[in-house]
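S.K.: next comes the sequence, and after it the predicted model I'd like to discuss.
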Amino acid sequence: MTQSDLISKDIDAYLDAHEHKSLLRFITCGSVDDGKSTLIGRLLYESQMLFEDQVAALEADSRRDGTQGEELDFALLLDGLSAEREQGITIDVAYRFFSTDTRKYIVADTPGHEQYTRNMVTGASTADCALILLDARKGVLTQTRRHSYLVWLLGIRHVAVAVNKMDLVDFAEDQFRRIERQYHTFAERLGLEEATLIPLSALRGDNVVERSASMGWYDGPTLMEYLETVEVDQERMQDAPFRLPVQWVNRPGPDFRGFAGTVAGGSVAPGDRVVVLPSGRETSVARVVTFDGDLHRAVAGQAVTLALADEVDVSRGDVIAAASAPAQVGDQFEATVIWMAEEPLLRGRTYLMRVGTKTVPATVAPIRYKLDVDTLEQIAANRLDLNEIGVCQLELSQPIAFDPYPENRDTGGFILVDRITNHTIGAGLLRFALRRSANVSLQAFEVDRGARAALKEQRPFVVWLTGLPGAGKSSIANLLEKQLYALGRHTTLLDGDNLRRGLSKDLGFTDADRAENIRRAGEVARLMTEAGLIVIAAFVSPFRADRETARSLFAEGEFVEVFVDTPAEVAGERDTKGLYAKARGGELANLTGLGSVYEPPEDPDLRLDMTELDLDGAAAAVLEFLRGRSLLR
C-alpha cells in the first residue's frame, strides 16, 4: 500500500508518514527560455499537488496567456509576476512545495538572466541539489557554465543537468551524447564531482516522471527517480562535527539558563564535552531541552536549548562546538564574495557581516581578484560591481568562530549588510583565516587612553569636517584649532591634502582609493584619540558609507560630524587652489561635486550654512556646539 492510498483508509497513518518524510530543497536554473518554469509546473501537475481550482485557473490562464495553443502552459503556474508573463521570462525566485510517496520537496525556480545572478544565489543558498536546464538544440551555453560555477561555489554537491526539449531534436541520442561529453569536460575542469545528465521534454513529460518511450536508448533515472534518491545535505551534516550557533540566551527564571539555536552540524547529547567559541571555555552538556521535553540526542537541523554543566559566559553569536573537533577562530579571512548591490564593493570600506547568529563590522582589505565565471580566469580588480564574484580579504572588528564553507555552509557562509540602509548587499563564503589572524594580537598597555586623557585634563574626541572642495573645511579647522589651543587644549589637525602627501601618497582618486584614504584617516584619528588628543579632521570624504566607517571606530558621542555646506558655485568662486577652473577646463576629471559624486550627510551633528556664515563665525559655531555637548570641560 502506498502512502497516497492511506489518505482514504487511515488518515492518521498517512499524516504520520508524511511528517517523517525527508525534505529535499532544490533549485532550477538555466538560460532564458530553457523551460525551467514549464518543468516545475509539470512536476507539480503530475505529482497531483494542484487543487481543482488551481487546475481550472491554469486552464483559463493557458487560454489567455499561454504559448501552447489548446494545451496547458505549465510555466504559468510559476511565472506570477506580470512582467514575467509579458516577457515570458522568470525574474524573481519562485518557491513551490510538492511531495511524493517518498519525499517532500521545496523547489526554487531561479532567474536565467545574467543581471539576476543575485536572485539565483539567493535561491541556491539553502539548496541540497541543483537542477540545471539546457536546451538540447543549443547545448552548453555561457549561462550553463555560469550557473554550474555558482552551484559549485555555493557548495551544492549534487547536480542534475536536464537536457530539455529533446522532442525538438527528434530525441536524437547522438545530440544528447555530444552535450553530455561537452558538459562533463567543463565539470571536470571545474571540480564538480557529481553531475547526472537526463534527456527529457518538460512540455511532453518525457523522462520527467514516466520513462519516455521515445528514448529507449537512455537507461538512466527519470528526473523524479533522481530527486527521490539523491542525498539530502541535512543527512550528511548529521555526521559532521557538532556546531550550535547561539541565537538566544534563555532565562525564563532564576533556576534555568540555556542557550537556544539550531544545530548546524553533527549531534549532541547530555554528557558531551563542548567548547564555547571564540572564548575557548570548555564544559559539558547537562540537558538538551525542547518544547516537547528533553532529548537523548539532537541532530543537525533541530532547534534546541542546551543547558551546560558549568556557569560559562555565553552570548548570542557564540558557537558551542564539540570539544574534540572545535570550529576555528579568526578575525581576518580570505573570502569569496558575490556582490548584489548597485553600489560597488570597495577596498577600505566597512560593512556589517552576519555569519550564523553573529554580526560584526568587516572592512574590505585588498581585493585579490574577480572571477570570469565563463573562463574561470582570475582578473585583477580593486572593486566588485553588481553580480560580480571576487576573492578578497576581510578584517573583522572581533574574532568569530567559523568553519570553511565547504565543510559547513551554516558556519562558513555570510552576508554583507549596508551600515546605513541595512540592506543585504553581498553574500560570501569564508575560505580560511589568514595566518596573521592567529599570529597578530592586540597588545595591552598599562598607560591607557583614559590615563593619557586625564594627564591632559580633557576628553578626547574627533571633529570631522566634510564638504565639497573649496567649502572652507581646512580654514575652519585651522581657526578652530587656534581657539582650542588658546583654551589650553591638546589638539592635532588632520588635513586631506597633507595626508595625501605622506600616508596616502600611493592613492589616486577613484572611488576605491577615496574609500581607502578615509579608512586610513579614520585609523589615524583613532590613534590620536588613544593618545588623549582632540582631533580636528578636514576631509572631503564624499561617501556616507566611508564617513560611517570612520564614526564606527569611536565611542558614542566622540565623533562629531560637521557638514560645511557650501554650494558648488560658491565653493568655485572662493576656490584658492584653482581646482574648479581646472575641472571646468578638462584638466581635472574627478573633482568631487563636478566629475565625481558627493553624498552630503543626511543627519550631521552640525550643519554650517556657508552662505550665511563667514569662517570665523563657522569656527565659533563649532566651538559653541562642542561646549553644548559637554565635550569641553
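M.R.: That came through, no problem.
S.K.: make it CA atoms for all contacts and neighbour counts henceforth
M.R.: Noted.
S.K.: what's the pLDDT at Glu59?
M.R.: Model confidence at Glu59, expressed as pLDDT, equals 60.
S.K.: pull the CA atoms of stretch 569-578 into PDB?
M.R.: Only the C-alpha atoms of stretch 569-578 are listed here, as PDB (Å, rounded to 0.1, in the frame of the first residue of the first chain):
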ATOM      1  CA  GLU A 569      29.100  77.500  -7.400                       C
ATOM      2  CA  VAL A 570      30.000  79.400  -4.200                       C
ATOM      3  CA  ALA A 571      32.900  77.000  -3.500                       C
ATOM      4  CA  GLY A 572      34.100  77.600  -7.100                       C
ATOM      5  CA  GLU A 573      34.100  81.300  -6.600                       C
ATOM      6  CA  ARG A 574      36.100  81.000  -3.300                       C
ATOM      7  CA  ASP A 575      38.500  78.300  -4.600                       C
ATOM      8  CA  THR A 576      42.000  79.400  -3.800                       C
ATOM      9  CA  LYS A 577      43.600  76.200  -5.300                       C
ATOM     10  CA  GLY A 578      42.200  76.700  -8.800                       C
END
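S.K.: just how off-centre is it within its chain?
M.R.: 42 Å (Cα atoms, centre = their mean, to the nearest Å).
S.K.: average pLDDT across it?
M.R.: Mean predicted confidence for stretch 569-578 is 75.
S.K.: the strand or helix carrying Val564 pairs with which strands, and in what direction?
M.R.: Element membership of Val564, judged by DSSP states H and E, is strand 559-565. If you go by DSSP bridges, strand 559-565 pairs up with strand 462-466 (parallel), strand 606-609 (parallel).
S.K.: hey, which of the ones you listed is tucked in deepest?
M.R.: strand 462-466 (a mean of 25; mean count of other Cα atoms under 10 Å).
S.K.: show residues contacting it.
M.R.: 473, 477, 525, 529, 534-542, 558-564 (Cα atoms under 8 Å, 6 or more residues apart in numbering).
S.K.: swap the cut-off to 6 Å and go again
M.R.: 473, 535-540, 559-564 (Cα atoms under 6 Å, 6 or more residues apart in numbering).
S.K.: for Thr357, state which of those residues is nearest.
M.R.: Phe559 (28.6 Å; Cα to Cα).
S.K.: pull the number of nearby residues for that closest one.
M.R.: 20 (other Cα atoms under 10 Å).
S.K.: among the strands paired with strand 559-565, which is nearest Arg103?
M.R.: Nearest of the strands paired with strand 559-565 (Cα to Cα): strand 462-466, 59.6 Å.
S.K.: and that closest one, how far out from the chain middle?
M.R.: 31 Å.
S.K.: just the pLDDT for Ser4.
M.R.: pLDDT, Ser4: 53.
S.K.: swap that for Glu342, please
M.R.: 88.
S.K.: can you pull out the strands in the stretch 201-350 of the chain?
M.R.: 243-245, 248-253, 256-262, 267-268, 273-277, 281-290, 293-294, 298-299, 303-308, 319-322, 328-339, 345-346, 350-355 (DSSP state E, counting those that start in this stretch).
S.K.: output those as CSV; include the columns mean pLDDT and mean neighbour count.
M.R.: As requested, the strands of the stretch 201-350 of the chain are arranged in CSV below (pLDDT from 0 to 100; neighbours: other Cα atoms under 10 Å):
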stretch, mean pLDDT, mean neighbour count
strand 243-245, 96, 30
strand 248-253, 88, 12
strand 256-262, 93, 19
strand 267-268, 94, 24
strand 273-277, 95, 23
strand 281-290, 94, 18
strand 293-294, 91, 12
strand 298-299, 93, 24
strand 303-308, 94, 22
strand 319-322, 96, 28
strand 328-339, 93, 22
strand 345-346, 90, 26
strand 350-355, 93, 24
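S.K.: hmm, back to that, now the strands paired with strand 559-565 in CSV, with distance to Gly123 and mean pLDDT?
M.R.: Below are these laid out as CSV (distance: least, Cα to Cα, whole Å; pLDDT from 0 to 100):
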stretch, distance to Gly123, mean pLDDT
strand 462-466, 41, 96
strand 606-609, 44, 94
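S.K.: out of the contacts of strand 462-466, grab the one that's most surrounded.
M.R.: Lys473 (28 neighbours).
S.K.: all helices of the stretch 51-200 of the chain, in order?
M.R.: 52-65, 82-87, 117-124, 142-153, 173-190 (DSSP state H, counting those that start in this stretch).
S.K.: likewise for the stretch 301-450 of the chain?
M.R.: Under DSSP H, counting those that start in this stretch, the stretch 301-450 of the chain gives helices at 409-412, 435-439, 449-456.
S.K.: pLDDT weak spots in this protein?
M.R.: For the chain, the stretches with pLDDT under 70 are 1-20, 32, 47-94, 111-118, 234, 437-443, 576, 585-587, 593, 595.
S.K.: so which bits of the longest helix belonging to it are buried?
M.R.: Using DSSP state H to define each element, the chain has its longest helix at helix 511-530. Of the residues in helix 511-530, 511-522, 525-526, 528-530 count as buried by neighbour count, 16 or more other Cα atoms under 10 Å.
S.K.: now do stretch 398-410
M.R.: Neighbour count says stretch 398-410 has 399-410 buried, by 16+ other Cα under 10 Å.
S.K.: farthest-apart pair in these, please.
M.R.: Maximum distance among those (Cα to Cα): 20.3 Å, for Pro399 and Pro406.
S.K.: please consider this matter closed, and thank you.
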